[in-house]
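Undergrad: With the input below, show me the fold.
(one chain, ligands or ions: 1)
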Amino acid sequence: MNDDLLSHIRIVLVRTSHPGNIGSAARAMKNMGIRSLALVAPKRFPDPEADALASGADDVLAGARVFDSLPEAIGDCVAAYALSARMREWGPENFPVREAAAAALADASGGRVAFVFGNEASGLTNEELLACQRHVRIPADPAWSSLNLSQAVQVVSYELRMAATAGALPPGRPEPLATAADLEGLYAHLEQASIASGFLDPANPGRLRERWRRLFARARPEREEVNILRGLLKSLLKPGNSRGE
Ligand code: SAH
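TA: Alright, predicted model coming up:
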């Protein structure tokens, strides 16, 4: 996992009008392990609406740095990716967000990397876009392609996290899986029980053995699950419990 590279990512919100969007963006970032937030000339910040929507990401808001202009906010970055739904005639090279996230992580091994988002009503100006080296688009429905600002931040943060972690979840408590020998033991036991019960005629077995092998191969059972089934078979095979005994 390269999730330490996420600490090199900075989310930059330019001329944000609604403080609620700043709070929601902070929450979206923190969920994905991104904590560095920069605000360029926000209309209202700090603001109780931002605090309310951050919902637990107040540390991200408290750490947010406020700048007067975009060049100041990205001055120390080795790469800046500008988010805009709209194609421009003269803009930086454009990439879909998934590709951009992978490229940005490669850049992040060499320094800080910014993702820059525009104002809710007007987006990024051409000048702001040209201050960045790459133009990123979220491939939404072309007929309705403009996302809410904080939701665009969520998509970008998620893609960055997926690029950094390959989608891996933190390891859970692994239960040991059944080994080949455990499974052979189960198959022998199943055979014994099905013959004893009259379910399987050994002279004419059909494809029964192949089918249960395929079933358990697909299920990849845990060792404990195989033990439970064998316990059940053992109990069914007790004298008096099975046919013919
Ligand atoms: N009405 C504005 C869009 C504002 S949405 C316009 O026409 O540009 C607020 C910000 O979210 C945008 O500036 C951009 O940074 C980001 N955003 C929203 N939808 C996007 C998309 N499909 N692709 C890339 N960025 C998007």
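Undergrad: Quick check: residues of this structure near the ligand?
TA: Within the chain, the positions lying close to the ligand (C-beta under 6 Å from any ligand atom) are 83-86, 117-118, 120-121, 123-124, 137-138, 140, 145-147, 149, 152. C-beta: built from backbone N, CA, C; applies to glycine.
Undergrad: quick one: which of these sit in strands?
TA: Leu83, Phe117, Arg137 (DSSP state E).
Undergrad: Show me which of the residues you listed is closest to Gly185.
TA: Nearest to Gly185 among these is Arg137, at 55.9 Å by C-beta to C-beta.
Undergrad: In PyMOL, select just the buried ones from the residues of the chain next to the ligand.
TA: Paste this into PyMOL to select the buried members of the residues of the chain next to the ligand, with burial taken from 16 or more other C-beta atoms under 10 Å:
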select buried, resi 83+84+85+117+118+120+123+124+137+138+147+149+152
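Undergrad: If we ignore the residues flanking it in sequence, what's nearest whichever residue of the chain sits closest to the ligand?
TA: Nearest to the ligand in the chain, going by C-beta to the nearest ligand atom, is Gly123, at a distance of 2.2 Å. Distances taken as C-beta to C-beta, 6 or more residues apart in numbering place Ser84 nearest to Gly123, at 5.6 Å, with adjacent residues excluded.
Undergrad: Does that neighbour touch Asn126 like I think?
TA: No - between Ser84 and Asn126 there is no contact under C-beta atoms under 8 Å: 9.7 Å.
Undergrad: so what sits against both of the two?
TA: Taking C-beta atoms under 8 Å, 6 or more residues apart in numbering as the criterion, Ser84 and Asn126 both touch Gly91.
Undergrad: Now do the helix or strand of the chain with the lowest mean pLDDT: which elements does it pack against?
TA: Every helix and strand of the chain was ranked by mean pLDDT, DSSP states H and E. The lowest is helix 208-219, at a mean of 92. Other elements packing on helix 208-219 under the criterion 3 or more C-beta pairs under 8 Å, 6 or more residues apart in numbering; DSSP states H and E are helix 180-196.
Undergrad: okay, the helix it packs on in CSV with CA atoms only?
TA: This file holds the C-alpha atoms of helix 180-196, laid out as CSV (Å, rounded to 0.1, in the frame of the first residue of the first chain):
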residue,chain,number,x,y,z
ALA,A,180,-6.7,-29.9,0.6
ALA,A,181,-6.3,-32.7,3.2
ASP,A,182,-9.3,-31.2,5.2
LEU,A,183,-11.4,-31.3,2.0
GLU,A,184,-10.3,-34.9,1.1
GLY,A,185,-11.4,-35.8,4.7
LEU,A,186,-14.8,-34.2,4.1
TYR,A,187,-15.3,-35.9,0.7
ALA,A,188,-14.5,-39.3,2.2
HIS,A,189,-16.9,-38.6,5.0
LEU,A,190,-19.6,-37.5,2.6
GLU,A,191,-19.1,-40.6,0.5
GLN,A,192,-19.4,-42.8,3.6
ALA,A,193,-22.6,-41.1,4.8
SER,A,194,-24.2,-41.1,1.3
ILE,A,195,-23.5,-44.8,0.9
ALA,A,196,-24.7,-45.7,4.4
